[in-house]
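Asks: Whatever this is, show me its structure:
(one chain, ligands or ions: 1)
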Amino acid sequence: MTVTIIGAGLAGAEAAWQIVRQGVPVQLFEMRPTEMTPAHKTGNFAELVCSNSLRGAALENAVGLLKEEMRRLGSLIMEAADAHAVPAGGALAVDREGFSACITEKLVNHPRITLCREEIREIPAARPLIIASGPLTSPALSRAIQGLTGEDYFYFYDAAAPIVYAESVDLSVAFWASRYDKGDADYLNCPMDESEYDRFYEALVTAEAHPLKEFEKEIYFEGCMPVEVMAKRGKQTLLFGPLKPVGLIDPRTGRRPFAVVQLRKENRQGSMYNLVGFQTHLKWPEQKRVFRMIPGLEQAEFVRYGVMHRNTFINSPTLLLPTYQLRKDPSVFFAGQITGVEGYVESAAAGLVAGLNAARLVQGRSPLRFPPETAIGALPAYITTAEAKHFQPMNVTYGLFPPLVEKVKGKRPRQQAHARRALESLERFMAENLIVKEI
Ligand SMILES: Cc1cc2nc3c(=O)[nH]c(=O)nc-3n(C[C@H](O)[C@H](O)[C@H](O)COP(=O)(O)OP(=O)(O)OC[C@H]3O[C@@H](n4cnc5c(N)ncnc54)[C@H](O)[C@@H]3O)c2cc1C
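Replies: Numbering: from 1, shown residues only. Below you'll find the predicted structure:
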């Protein structure tokens, strides 16, 4: 039996490698270079569409630990990355051409891989099937996936407001209340007087935004307009939108503020809050500079910055098992960014696990869930939980590490101990489950 894979990006390439390493054949479909995505430039596999960095190398951060775990699991992406590394301080950056050429060559020449350079437009009947067509899945396949998942569970656009750590909000300024005292006082409110609003407004409308890519020049729907675009419609606009002060009284003055930014709980524990209505296209350093001008947020630590871009992804919490299998048809796997994980390494990690598990199905073995204390195990557990939010920064996504604000004078003893435990646990898990190291 053969495993069919759609997409030879970071996830599909790693999945294919893991499967053939188990002795199982693969049919791999990749539409490039015949059909291109709006971001890819070559026909090579695992092309890095933007930065050439695979981010932090140190074990004390989640993505560094994830990379080390992947090395131990025989990852092709990591083998190519290490072989084509270029100096980049504490990060692992690669020569992008060498990196993807090396991966392409290994897979194209592999005796157990049949490569088809064609666009898949319908969900193939073959099983097991891995869908790893990425954030820029072709339109025809997107429609087909929507048919498979249901319309409400497949998204085409990602717009998210910045999130800050609750403990970094100045509670001597921000106050708890809900508008018109309706329900519980669940919102943290950052009040502004007129001069504070004037300064914030000027900074917001003059801040530097990401240039829109051609394929992102889509019409913003009203409920989802970047806050800076809304501001440019006129100075009063925000006062009737995300900064409206009506129904809120600042307990310190006894009066209604001129403007209010509301923060809403992002997780059940209340350790993170998002800036309501602040989806934005501003560059990240600009977000930090401008949003820290909001009273109460002067020292805010950002868990993640706001994003707005085209992105196809499924509602993993509803649709997927933590093994990356589709709940309603476990012989179908999703892997890569289409599951809601973000980043090159995370996408490849999802491909690694999906590939390993698809091969196990062929071998009549049950799929594996990696231990939750490992980075690779925490990733699917997180994206498939009901609280999951797409595009969390990875230290938070994995739920592994204490908040970044807990950094202890540059040293991170808790993270180091965690990384050690995670790697030991992974080694035990591999031995118990006879995960092949080499074939
Ligand atoms: C514009 C942009 C910039 C990014 N910048 C960064 C960054 O700097 N750092 C970072 O870590 N992450 C970045 N990401 C995220 C990163 O690209 C992804 O996390 C990663 O590439 C996703 O891997 P993937 O395998 O899921 O998808 P991809 O790597 O995109 O692979 C999907 C593959 O499927 C193929 N495909 C699509 N549809 C079909 C079809 N119908 N039939 C056959 N093949 C098909 C595509 O050609 C592609 O090769 C960026 C994403 C985008 C869109």
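
Asks: Provide the secondary structure category for Thr37.
Replies: Classification of Thr37 using DSSP: H, G, I helix; E, B strand; the rest coil returns coil.

Asks: Can you tell me the closest non-neighbouring residue to it?
Replies: Leu136 (3.9 Å; Cβ to Cβ, 6 or more residues apart in numbering). (C-beta placed from N, C-alpha, C; glycine too.)

Asks: ok, Gly340 touching Leu319?
Replies: No - under the criterion of Cβ atoms under 8 Å, Gly340 is not in contact with Leu319, lying 10.1 Å apart.

Asks: Look through the stretch 101-250 of the chain and state the residue closest to the ligand.
Replies: When distances are taken as Cβ to the nearest ligand atom, the stretch 101-250 of the chain reaches nearest to the ligand at Gly134, 2.5 Å away.

Asks: Also the chain?
Replies: Counting by Cβ to the nearest ligand atom, the chain gets nearest to the ligand through Gly9 (1.7 Å).

Asks: The nearest residue to that residue once chain neighbours are set aside: neighbouring residues, count only.
Replies: Leaving aside its sequence neighbours, Gly9 sits nearest to Gly134 (Cβ to Cβ, 6+ apart; 4.8 Å). Gly134 has 26 neighbours, counted by other Cβ atoms under 10 Å.

Asks: pLDDT value on Gly134, please?
Replies: We have a pLDDT of 96 for Gly134.

Asks: if I pick it, what's in contact with it?
Replies: 7, 9, 11, 37, 312, 336-338, 347 (Cβ atoms under 8 Å, 6 or more residues apart in numbering).

Asks: Can you pull up the residues of this structure that come close to the ligand?
Replies: 6-12, 29-32, 37, 39-40, 49-51, 119-120, 132-138, 141, 336-338, 342-344, 347 (Cβ under 6 Å from any ligand atom).

Asks: Drop anything exposed from these.
Replies: Neighbour counting with 16 or more other Cβ atoms under 10 Å marks 6-12, 29-32, 37, 40, 49, 119-120, 132-138, 141, 336-338, 342-344, 347 as buried within these.

Asks: among the residues you listed, which are in strands?
Replies: In strands, judged by DSSP state E, the following of these are found: 6, 29.

Asks: Would you enumerate the residues in contact with Gly296?
Replies: Each residue near Gly296 by Cβ under 8 Å, 6+ apart is listed here: 169-171, 173-174, 188, 190-191.

Asks: Now do the strands in the stretch 1-150 of the chain.
Replies: Secondary structure of the stretch 1-150 of the chain, counting by DSSP state E, counting those that start in this stretch: strands at 3-6, 26-29, 53-56, 85-86, 91-94, 113-116, 129-131.

Asks: Does anything pack onto the fourth one? Which helices or strands?
Replies: Just to be clear, that refers to strand 85-86. If you count contacts as 3 or more Cβ pairs under 8 Å, 6 or more residues apart in numbering; DSSP states H and E, strand 85-86 packs onto strand 91-94.

Asks: What of the fifth one?
Replies: In terms of contacts (3+ Cβ pairs under 8 Å, 6+ apart), strand 91-94 is packed against strand 53-56, helix 76-83, strand 85-86.

Asks: what mean pLDDT would you report for the second one?
Replies: By that I understand helix 76-83. For helix 76-83, mean pLDDT rounds to 98.

Asks: Hmm, Leu248 and Arg256 touching each other?
Replies: Yes - using Cβ under 8 Å, Arg256 is in contact with Leu248, at 6.4 Å.

Asks: of these two, who's got more company?
Replies: Set Arg256 next to Leu248 and count neighbours by other Cβ under 10 Å: Leu248 wins out with 20 against 14.

Asks: And the pLDDT for the more buried one?
Replies: So, for Leu248, pLDDT stands at 96.

Asks: can you pull the contacts of the closest residue to it other than its chain neighbours?
Replies: In this structure, Leu248 finds its nearest non-sequential neighbour in Val260, 5.2 Å apart by Cβ to Cβ, 6+ apart. By Cβ under 8 Å, 6+ apart, the contact list for Val260 reads 189-192, 243-245, 248.

Asks: The residues you listed: which two are farthest apart?
Replies: Pairwise distances among those were taken by Cβ to Cβ; the largest, 13.0 Å, belongs to Cys190 and Lys244.

Asks: quick one: the residue nearest in space to the middle of the chain and Pro135, what's the gap?
Replies: Geometric centre of the chain, nearest residue: Glu342, 2.6 Å, by Cα atoms, centre = their mean. Using Cβ to Cβ, to the nearest Å, we find Glu342 at a distance of 9 Å from Pro135.

Asks: mind checking the SS state of Val164?
Replies: strand.

Asks: how many neighbours does it have?
Replies: Other residues close to Val164 by other Cβ under 10 Å number 25.

Asks: looking at it, it is touching Met272, isn't it?
Replies: Yes - under the criterion of Cβ under 8 Å, Val164 lies in contact with Met272, with a separation of 7.0 Å.

Asks: Name the residues contacting each of the two.
Replies: Taking Cβ under 8 Å, 6+ apart as the criterion, Val164 and Met272 both touch Val303.

Asks: Could you pull out the strands in the stretch 301-439 of the chain for me?
Replies: Using DSSP E, counting those that start in this stretch, strands in the stretch 301-439 of the chain cover 302-304, 307-314, 325-326, 329-334.

Asks: and those, which one is worst for confidence?
Replies: Among the strands of the stretch 301-439 of the chain, strand 307-314 carries the lowest mean pLDDT, a mean of 83.

Asks: I'd like to know which elements that one is packed against.
Replies: helix 139-149, strand 154-160.

Asks: Burial check on Arg365, number of neighbours?
Replies: 13.

Asks: From Phe334, how far out is it?
Replies: Per Cβ to Cβ, Arg365 is found 20 Å from Phe334.
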